[in-house]
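A.B. asks: fold the stuff below for me.
(one chain, ligands or ions: 1)
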Amino acid sequence: MTSSFNKENRIQGEEIETQDYVSEFYENKRYNKPYSLHYHNWLAQKMFSLLDLGSPILDNGCGNGFLAQFLKKHEAVGLDISPKMVELARKRYSEVILGDSQNIPFEDSYFQIVINRGLLHHLPDPRQGVFEIRRVLKNRGQAIFIEPISSFLSVIPRMIARQGKHFSKSHKNFKEKELKKIINSQLKIEEIHYFGYLAYVLLGFPDIFDIYKFLPGKSILTPALIEFDELIAKVPLLNHQAWGIMILARKQND
Ligand SMILES: C[S@@+](CC[C@H](N)C(=O)[O-])C[C@H]1O[C@@H](n2cnc3c(N)ncnc32)[C@H](O)[C@@H]1O
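C.D. replies: Predicted structure coming up:
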C-alpha cells in the first residue's frame with residue numbers, strides 16, 4: 001500500500017517536473033509559431049464545433065490556457081497539476097486551479113462541459129480521471145477528449161520522441177480500443193473523429209520536431225496540408241491510422 005502510494009507520488013512528481021519544463025516550449029513555440037498556431041486553431045475549432053457550449057466549463061489539464069481565447073463568452077475554469085503551466089494559464093483564464101485531475105477539486109454535477117485536450121494519456125490512472133470527469137459533470141453534460149493513439153503511422157516516431165525530456169513515465173500511448181473502453185466505462189460515447197496525418201506531425205509540434213521551419217511557401221503549404229489531413233480523415237479504414245482521436249461523450253444518469 002505504502003509502496004504503491006510512493007510510486008504514484010514519484011510518477012506525479014516527475015510529470016510535474018516535465019510539464020514545468022515543457023511550459024516554456026508551449027508558450028514560445030507550439031502556440032506561438034504561425035504555422036503551429038494555424039494548426040492548433042483549426043483543431044480547436046473542429047473540437048468546439050462538436051460541443052453545445054454552455055457554462056460552466058472545465059478545461060481539464062489546461063496547460064498554458066491556449067483554449068481560453070475560444071471561451072471568452074463563457075464561465076470557464078482551468079485546472080492543471082504543473083505550477084508553471086498554471087502561472088501561464090492565469091494570463092488567459094480568470095480562474096485557474098492548481099490540482100490533480102484524478103481528484104478534481106469541485107463538487108458533484110458542477111460543470112456543463114469538461115474539455116480534456118491531451119490529458120488522459122498523462123494520468124497515472126486514466127480510469128480514475130474519467131470517473132472524476134463523470135462525477136463533476138451535470139447530467140447530460142458533455143465531455144470531449146483529444147488523445148494521441150497508437151497507429152501504424154505513429155508508433156515508431158512516438159517511441160523515439162518519448163526518449164526526450166518532453167515526456168515523463170506516466171505518458172501513455174493508448175490503443176484506440178483501450179481508450180474507448182476507459183471512456184465508455186463512465187460516459188456514453190456519441191461521436192468519434194480521427195485526425196492527424198501529415199499536417200499534425202509537420203505543423204503541430206515545433207517544440208519537439210521542427211523540420212517545417214526549413215520548408216518554403218508556408219502560406220500555401222500550411223492550409224494545403226490541413227486539407228490533406230481532412231481528406232484522409234474521411235477515408236474509411238485509412239482514417240484509423242491517425243495520430244489522434246477526438247471523442248465526444250455524455251453523462252447519462254443510469
Ligand atoms: C499535453 S498537455 C495539454 C495541455 C493543454 N490541454 C493543451 O491542449 O495545450 C497535458 C497537460 O496535462 C497536465 N497534467 C498532467 N497530469 C495532470 C494531472 N494529474 N492533473 C491535472 N493536470 C495534469 C500537464 O501539466 C499538461 O499541462
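A.B. asks: who are the packing partners of the helix or strand hosting Gly13?
C.D. replies: Remark: Gly13 resides in helix 2-25, with elements defined by DSSP states H and E. Judged by 3 or more CB pairs under 8 Å, 6 or more residues apart in numbering; DSSP states H and E, helix 2-25 is in contact with helix 83-89. All C-beta spots, glycine's among them, are computed from the backbone N, C-alpha and C.
A.B. asks: pull the distance from the helix it packs on to the chain's centre.
C.D. replies: Distance of helix 83-89 from the chain centroid (CA atoms, centre = their mean, to the nearest Å) equals 16 Å.
A.B. asks: what are the buried residues along that helix?
C.D. replies: Using 16 or more other CB atoms under 10 Å as the test for burial, helix 83-89 gives Lys84, Met85, Val86, Glu87, Leu88, Ala89.
A.B. asks: check which helices and strands that helix sits against.
C.D. replies: Here helix 83-89 touches helix 2-25, strand 76-80, strand 96-98, going by 3+ CB pairs under 8 Å, 6+ apart.
A.B. asks: mean neighbour count added to those, as TSV?
C.D. replies: Formatted as TSV, those follow (neighbours: other CB atoms under 10 Å):
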stretch	mean neighbour count
helix 2-25	14
strand 76-80	26
strand 96-98	19
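A.B. asks: quick one on the thing from earlier: the buried residues of helix 83-89 also near the ligand: which ones?
C.D. replies: With CB under 6 Å from any ligand atom as the criterion, these include Met85 near the ligand.
A.B. asks: of the buried residues of helix 83-89, which is the nearest to the ligand?
C.D. replies: Ranked by distance to the ligand (CB to the nearest ligand atom), the buried residues of helix 83-89 are led by Met85 at 4.3 Å.
A.B. asks: quick check: the farthest pair among the buried residues of helix 83-89?
C.D. replies: Farthest apart among the buried residues of helix 83-89 by CB to CB are Lys84 and Ala89. That separation is 9.7 Å.
A.B. asks: how about the contacts made by the residue in the chain positioned nearest to the ligand?
C.D. replies: Closest contact between the chain and the ligand, by CB to the nearest ligand atom, is at Gly63 (2.7 Å). Gly63 makes contact with Ser23, Tyr26, Asp80, Met85, Leu88, Ala89, Arg117, Gly118, according to CB atoms under 8 Å, 6 or more residues apart in numbering.
A.B. asks: mind running it again at 7 Å?
C.D. replies: By CB atoms under 7 Å, 6 or more residues apart in numbering, the contact list for Gly63 reads Tyr26, Asp80, Met85, Ala89.
A.B. asks: which residue ranges of the stretch 151-254 of the chain form helices?
C.D. replies: Using DSSP state H, counting those that start in this stretch, the helices of the stretch 151-254 of the chain run over 155-161, 176-184, 198-203, 218-232.
A.B. asks: around the ligand, pick out the residues from the stretch 101-250 of the chain.
C.D. replies: Residues of the stretch 101-250 of the chain lying close to the ligand by CB under 6 Å from any ligand atom are Ser101, Gln102, Arg117, Gly118, Leu119, His122, Leu123.
A.B. asks: among the residues you listed, name the buried ones.
C.D. replies: For those, buried by 16+ other CB under 10 Å: Ser101, Gln102, Arg117, Leu119, His122, Leu123.
A.B. asks: picking that back up, and the two most separated of the residues of the stretch 101-250 of the chain next to the ligand?
C.D. replies: Spatial extent of these (CB to CB) is set by the pair Gln102 and Arg117 at 16.9 Å.
A.B. asks: can you tell me the element Tyr35 falls in?
C.D. replies: Tyr35 is located in helix 34-48, with elements delineated by DSSP H and E.
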